[in-house]
Structures are given as C-alpha cells and as structure tokens.
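Chemist: Quick one, structure for this:
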Amino acid sequence: MSDLENQPDWLNFEREHVWHPYASMKNPMPVYPVKSASGVTLTFEDGREVIDGMASWWCAIHGYNVPELNSAVESQLSKMAHVMFGGLTHEPAAGLAEKLLSIAPAGMEHVFFSDSGSVSVEVAIKMALQYWQAQGKNERRRLLTIRSGYHGDTFGAMSVCDPDAGMHHLFTGMLAQQLFADAPTLASDDAWNESQAVSQMASIKSRIKTHHHELAAVILEPIVQGAGGMRFYAPEFLRQVRALCDEYELLLILDEIATGFGRTGTMFACEHAGIEPDIMCVGKALTGGYMTLAATLCSSKVSDGIHADFEDNKRSGVLMHGPTFMANPLACSVAIASIDLLLSSPWQQRVRSIEQQLEKELAPCREMAGVTDVRVKGAIGVVEMKEPVDVAAVQSQLVEQGVWLRPFGKLIYTMPPYVITAQQLSRVTSAMCEVVTSSSSHT
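Modeler: Purely as a prediction, here's the structure:
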C-alpha cells in the first residue's frame, strides 16, 4: 500500500494550507496522519502502527496515553484550565517550582516559567544581560558559545546557534553578533590526557581571555549537542568551561532542554561533569510530552544581581518578560505528575539498559561503507552517514518496517521513550540497520 493511499479527506486541506516544521509549502514532504497513540505506538489513520523511536522529538519519555498523566490533566481541568500569571498565582505553579528545585543542581533557587524551550533560552539571555546592566556594566552584552550548538528558533536563541553549519544560516547578518569557539571533539568518555586538554580548550580559552570584558555569559548544551549534530563530548570540557567562567566572572547558562530528565543517564547532563550552572533551561520532557511548557532556573546570585539596581532606584529591577500562558495550570499539573512518575520508576536502570542495547545492536553499522560514526549516550543512539540522507525515502522505508524516526542531515538516530521494551527497541535498531545498509549501498 502506498503511503498516500486511504488518507483521510482532511489531509488534502492540511497539505495545502498547514505549514510543518522546516518544510516547504510548495513542495512538502509526505506527512503521516496519526489517529491515536498509546504506550510507544503511534496508530495511523489507515490502521498501520509504528513504534515511536523519537519520543515525539524527545519529550514523551513515558510514552503515550499514560494513566497517571491523563489523571493529572483531568483533575486540573475540572478546577481551571488557565489563569493569567500576572498578579495571580496557583498551587500547581508553586508545586512544580518546588519539585524542579528539589531535583535541579544545587544552587538553583528561582524558577521562571515559559511556554517553549526557545523562549526559556530567550529568558536566560535576558537574565544574563539584565544581571550585568544592574551591575552598571552595560558593555557586557554579548554571549559566547561553541559551534555545532542549537538552542531554538526564536531570534535570541538563533543568535547562539551555529552560524555556519546550523539550520539558521539564512539569518546571518540579521541576528545579534555573538562569539563562537570551536566545538569539542567527539568523545565517549572523560579520559583526557594533558595534551588533549590543552587542544580541546584552546579556542574557548582564547575567546574568553580576549573578550571577557564584553561577555555576559557562556551558553552551551551540556555533554550532548542535540539538533546541531547529535554530538557527545567529554565532561572534562564542561568542567573546564565552568572554571573559566569562575576565573573571568562570567555567567554560565546550560541548555538542558533536550538532555534534562534522565536522557543521558543522569537527571541532568551537567551531573556527568559534577558542575552547577548559574542559569539553566529545561523543557521538552518536562511535561512528559503532554503540554508545551518550559522553565528557566537561576541562582540567587543571578536573581539578586538583577534586582540590585532596584534598591538604588536606578531601574525597575524586574525581569522584563511575561508570556501569556506562563505557568499554565494544566501544564504545571501534568509536569508534577510526570516528574513524580519518573522519580518513582527505575528510570536509571531503564536508560542504562537502552544504552547497552543500542551499543550492541547498532554496532554492526560501524562496518558499513556509508557510515562515518556510530555513537551512543544514555537513551540516544546515533548513526552518522558520510552523505546526507534522503529523509522522505528513509522515513518511508522505516514506516514500512513499523518504526517512526525523524532523520536529519547525515544522521539517522533514535531517542525512544524510556518505557520501550527490549523487543520494541530491537525493531527500531533493526530498521535503522536496514536503512543504513540500503543508504550505504547507494553511496
């Protein structure tokens, strides 16, 4: 059966009028209409079922139609779906903030809620800029990051994404001009010798030494660089970046949107390095994939610093941001339930088992002619090809094998829900190996 046969009537209208992410309206890629989802399975309108190896872009860590999360939404819905957060508050917001701070790295003391990961990055940038404004150091208005990074699609977030190899190069010259250091090389462990340490840190050390007087913060994704290339780097790099920030009195912003809530094997990826940020962004898995919600956490140092000029009556002393759906009660309630469900589950064992199975079952891809690298970190498995993949063709092949993945660039990868069974994961890895074999034969 063709992917486009027996499609529902509404799909024709959708194809003509609804824009999809990173897609063209003139020549759209095929889309697969989903009728329902349960466990780790998506059911298409035509009755076909596929195992979701993407956890809906990494957020549905518990799978779909989860009784505990359904109950949290239903219970809150009977009370209130939403209320503005300006001048009002509610228990779900306070409960979620308390829950987040209890599991976040030590030093995180304050929580600002927003409605998407990109916006949480915008808030983090504003926090850093306002912090230095309040100290009377308006010259500190730029950020430093590493290449191959990705932090979102809004303008502030785009300005700290890779300007050349990233997906936002079309906007070069329109964005705030930030500073970029070389990305650390791929690494599977933390075993650095002295010469490696010097070479890995040379670029970012040079940048900080030269430009620290105009820098507000360093921002990067800890341990795993996600949509910029699914790259894993050594925790020692992150430790040394933290030390450099301390030495030159820079704020450190960690973007844990993709890595938070257990994805790399620790609750937050920065725990691999044993360091704490000044500001941290979370999102994606925060609500278990149920509703859009994100948060920016910060230390008392940052909060007190922003408010310092309020006491001197120089400025307002307030953080200048306020999303309409900030701290949405439905989203906060389901986020509390999701974190509770995660903490009460053997999530570390599950992620470790997924990691071991991915290592074993993706290993044969290393021998294939068209493959550059195979890498695994926690519940993330990546096969990097030598040439860009035909996304539409690869997805069609995967769907025929009962698997849903979303390749991009040269990468065929999986970030499955933690509740995936070994048998289900084997179907995912088997499908990955098959499409890699097919792609390799055409290189």
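Chemist: Of all residues in the chain, which one is nearest the centre?
Modeler: In the chain, the centroid-proximal residue (Cα atoms, centre = their mean) is residue 258; its distance is 2.1 Å.
Chemist: which stretches of this structure have low pLDDT?
Modeler: Regions of the chain meeting the criterion pLDDT under 70 cover residues 1-6, 309-316, 441-443.
Chemist: and the longest helix for it?
Modeler: Ranked by residue count, the top helix of the chain under DSSP state H comes out as helix 422-441.
Chemist: same for that helix, what does it pack against?
Modeler: Applying 3 or more Cβ pairs under 8 Å, 6 or more residues apart in numbering; DSSP states H and E, we find helix 422-441 packed against strand 49-52, helix 347-362, strand 381-385, helix 391-400, strand 403-404, strand 411-414. Quick note: C-beta positions are derived from backbone N, CA and C, even for glycine.
Chemist: let's see it at 10 Å
Modeler: strand 49-52, helix 347-362, strand 371-376, strand 381-385, helix 391-400, strand 403-404, strand 411-414 (3 or more Cβ pairs under 10 Å, 6 or more residues apart in numbering; DSSP states H and E).
Chemist: what sits against the closest residue to the residue nearest to the centre of the chain other than its chain neighbours?
Modeler: Nearest residue to residue 258, sequence neighbours excluded (Cβ to Cβ, 6 or more residues apart in numbering): residue 226, at 4.1 Å. Taking Cβ atoms under 10 Å, 6 or more residues apart in numbering, we find residue 226 in contact with 57-58, 148-151, 255, 257-259, 263, 284, 380, 413, 415.
Chemist: Any figure for the gap between residue 226 and residue 57?
Modeler: For residue 226, the distance to residue 57 (Cβ to Cβ, to the nearest Å) stands at 10 Å.
Chemist: try residue 390
Modeler: Distance from residue 390 to residue 57, by Cβ to Cβ: 20 Å.
Chemist: And the strands in the stretch 51-200 of the chain?
Modeler: Ranges of strands in the stretch 51-200 of the chain, per DSSP state E, counting those that start in this stretch, are 108-114, 142-146, 179-181.
Chemist: ok, the last one: who's next to it in the sheet?
Modeler: Which is strand 179-181. Sheet pairing of strand 179-181 (DSSP bridges) gives strand 142-146 (parallel).
Chemist: got the CA coordinates for the strand it pairs with in PDB?
Modeler: Written as PDB, here are the backbone C-alpha positions of strand 142-146 (Å, rounded to 0.1, in the frame of the first residue of the first chain):
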ATOM      1  CA  ARG A 142      27.500  39.500  24.100                       C
ATOM      2  CA  LEU A 143      27.400  35.700  24.600                       C
ATOM      3  CA  LEU A 144      30.000  33.100  23.900                       C
ATOM      4  CA  THR A 145      29.100  29.600  22.800                       C
ATOM      5  CA  ILE A 146      30.600  26.700  20.900                       C
END
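Chemist: Was I right to think the residue nearest to the centre of the chain contacts residue 150?
Modeler: Yes: counting by Cβ atoms under 10 Å, residue 258 does reach residue 150; the two are 8.5 Å apart.
Chemist: joint contacts of these two?
Modeler: Common contacts of residue 258 and residue 150 (Cβ under 10 Å, 6+ apart): 221, 225-227, 230.
Chemist: Can you give me the domain assignment for this protein?
Modeler: According to automatic domain parsing, the chain comprises the domains 10-65+347-441, 70-344.
Chemist: Just say which of those domains is most tucked in.
Modeler: Of all the domains of the chain, domain 70-344 carries the top mean neighbour count, a mean of 20, counting by mean count of other Cβ atoms under 10 Å.
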